[in-house]
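Student: need a 3D model of the sequence below.
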Amino acid sequence: MIFKSSRWKPPVDRPLLLVLTHDVDWPRHGPPREHVLRRLDRFEPEDQRRFLERGENIYYGVELLMEWEERAGVRSTFFFRPVYDDGSTVEGYSDVMAELSRRGWEIGLHANSGEDPGRVAEEKRMLEAVAGREVVSMRVHMLRLNPAVLPRLRKVGVRLDSSLCYSREGPDPRSSGCLLFGEVVELPITVMDTYLFTYWGVKPGRVVGVVMGFLRLVRESGGCIATLLWHDNSARMKGGREYSRLLEELQASEWLEPIRMLDASRHLQRHGCQCYPASAGQ
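Tutor: Numbering: from 1, shown residues only. Here you go, the predicted structure:
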């Protein structure tokens, strides 16, 4: 899967804004042992030994992502779930979130409910109590969001959401850009690591080329903003490790500008880009 154009020229003299995001799907101690064992071949031998011999949580990748992004001079948005599947809470990440916030990363809400604004508000308060700061960005876990709820989220303090994705089966420039649901800005997921390795069929070693080629296509198509989702639990996996090299490419590319989700509206305005009202069918 290669995206290229021999006559490629930027449609306008502005960078493609790239919103960097990470979902933290598992509690601090990681998923059940059986879950990891079924997927152990996705990890390098060194990490397999860490798990089997020392019982380390090799699904935990927040600090590794921070290290890579620090080196590239970028910041991103980390989405935390207030309550995890085993009943443990985000309190287990309190020290991690404090460090993220102190060093300039954004904390976002990885809501468990995408159907009830009241539940979203409750989870938002839980996360804010631990994070010690206001949270304005959201993504629903498993992307189980009812779009009809989006316009109502502004009343509970959510200003930006990134739970919609229109390109699960393959790359599609229509999954870029931004939409307005009332006063809530929706940033559809343009590239997601898990879809990249499954539905898109991209093999380890080709990740950077495919992602960069697709982002070029988005910009060539007139796109102003795209959103990347890279789960923290994939940071140590074979294909997921390539996020480090992807960041190096982003750093070297003058036509890309990595940003946090929190900063999207300000950067869109600075570059003269608009978000358009969502159609009734979306």
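
Student: can you give me the strands in the stretch 51-200 of the chain?
Tutor: Using DSSP state E, counting those that start in this stretch, the strands of the stretch 51-200 of the chain run over residues 77-80, 106-111, 137-140, 160-161, 179-181, 184-186, 191-192.

Student: and the ones you listed: which comes nearest Arg42?
Tutor: Proximity to Arg42, assessed across these by CB to CB, is greatest for strand 191-192 (16.1 Å). Glycine gets a C-beta too; all of them are placed from N, C-alpha and C.

Student: so which elements touch the closest one?
Tutor: Strand 191-192 sits against helix 207-220, strand 225-229, with contacts defined as 3 or more CB pairs under 8 Å, 6 or more residues apart in numbering; DSSP states H and E.

Student: partners of the shortest one, with directions?
Tutor: Right, strand 225-229. The strands beside strand 225-229 in its sheet (DSSP bridges) come out as strand 16-24 (parallel), strand 191-192 (parallel).

Student: so where's the stretch 151-282 of the chain shaky on pLDDT?
Tutor: Scanning the stretch 151-282 of the chain for pLDDT under 70 picks out 280-282.

Student: again, only this time at 50
Tutor: 280-281 (pLDDT under 50).

Student: in it, which spans are helices?
Tutor: 193-197, 207-220, 243-252, 264-270 (DSSP state H, counting those that start in this stretch).

Student: picking up where we left off before, closest to Gly87 out of the helices and strands packed on strand 191-192?
Tutor: Closest to Gly87 of the helices and strands packed on strand 191-192 is strand 225-229 (CB to CB; 25.4 Å).

Student: got the angle between that closest one and helix 243-252?
Tutor: Counting by axes from the mean of the first three to the mean of the last three CA atoms, to 10 degrees, strand 225-229 lies at 160 degrees to helix 243-252.

Student: what comes into contact with strand 225-229?
Tutor: Strand 225-229 is contacted from outside by 16-23, 139, 162, 176-178, 187-193, 211, 215, 218, 261, 264, 267-268, 273, using CB atoms under 8 Å, 6 or more residues apart in numbering.
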